[in-house]
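1. Please find the sequence and the predicted model below.
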Amino acid sequence: MNSAIDVVVCSFCRNDTWRPLLESVRRQLRGDDRVVVVVDQLRPDVEEVARDLGLILVQQKGRGLSDARNSGLAATRAPIVAFLDDDVELEAGWAEALRRAMEDPSVAMAVGRITGPSSPYPASWSYYSYDLGSTRRPVRYPIGANMAVRGDLGRRLGFDAAFRAGFDEWDFAERLRAEGGQIMFDPSFAVYNHHRTRLGALWRQQRTYGRSEVRFRRRHRTGPFNKRTWAWVIALLGLAFAPFLGLWSLSALVLPLVASLAQAVSMARSPAQGLRLWPLSFLVSVAQAMGNLEGLLIRRP
């Protein structure tokens, strides 16, 4: 059975993590594996790295991450295509673990574990770690920072370019599952995520995700908002009707606080860590709610 892997990395090559990542990927791959790097512009330093490491360099033809992933897919030929964010670091044995994860022919797509620093706040935003435990299990949606798909299936379905900033992998997953494909979480192929550490960057990212989430939910009819945004909607309605309903309606303002706390605790390793993560979770809920409302009003990704 051919278990060759083509790894697609989409990057602006503007931080200090992309070159170490590409070097580590190249070290783990076999001779018939390949690395495809999709960039927005062909800079001399990027071309030099590609030559030194024997990478395939592709210039992005469209706009947004989904277009970049499609450009990378078009350059692949292997039966397994993996996607990595450019701010991750591979754990030892990542490539061989991925091959084993895709040995089961019933698995159309696999998503690996994503870890981050042990202290989530304020040193690092490991809030976006993805770890569902030590055993394999089916999941509904993948996380694009560390996922793999059957190459022929990925090249046929592609990513929808309408999702320029997030939720393109969720849309891909919905179309894949509509064809009977199974998505499996496998903790054995893991990466370490060097995520955003600046509040401004995190805020902009989450607002953008909020806009894309509205497009996704509208297309797949999963409701206009997530639970945290509904909490904000109810809270704002309570504030608006306070002159008519009395001060008790202001109690609705507690809902976003409770929703963000519940989210933080559910994603933390302990209740105490969830409390430390609460301010970040609250900030994310505000940014996503604003993005949701912008998506509804402006109707753009």
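-> Thanks, I have the structure now.

2. quick check: domain ranges of the chain?
-> The chain is divided into the following domains under automatic domain parsing: 5-193, 199-298.

3. could you redo those domains as a markdown table and give each row mean pLDDT and mean neighbour count?
-> For every residue, glycine as well, the C-beta is placed using N, CA and C. Output for these, formatted as a markdown table (pLDDT from 0 to 100; neighbours: other CB atoms under 10 Å):
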| stretch | mean pLDDT | mean neighbour count |
| --- | --- | --- |
| domain 5-193 | 86 | 18 |
| domain 199-298 | 72 | 17 |
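
4. those strands in the stretch 151-300 of the chain, which residues are they?
-> 182-193 (DSSP state E, counting those that start in this stretch).

5. Show me the helices in the stretch 51-200 of the chain, by range?
-> Along the stretch 51-200 of the chain, the segments classed as helices by DSSP state H, counting those that start in this stretch run 65-74, 94-101, 151-157, 168-178, 199-220.

6. Test my guess that Thr208 contacts Met290.
-> No: using CB atoms under 8 Å, Thr208 is not in contact with Met290, being 10.4 Å away.

7. need the longest helix for the chain.
-> Of all the segments of type helix in the chain, defined by DSSP state H, the longest one is helix 271-298.

8. Report all helices and strands that that one contacts.
-> helix 199-220, helix 227-240, helix 254-267 (3 or more CB pairs under 8 Å, 6 or more residues apart in numbering; DSSP states H and E).

9. tell me the angle that helix makes with helix 199-220.
-> Angle between the axes of helix 271-298 and helix 199-220 is 60 degrees (criterion: axes from the mean of the first three to the mean of the last three CA atoms, to 10 degrees).

10. Ser212 and Gln205, how far apart?
-> Look at Ser212 and Gln205: by CB to CB, to the nearest Å, they are 11 Å apart.
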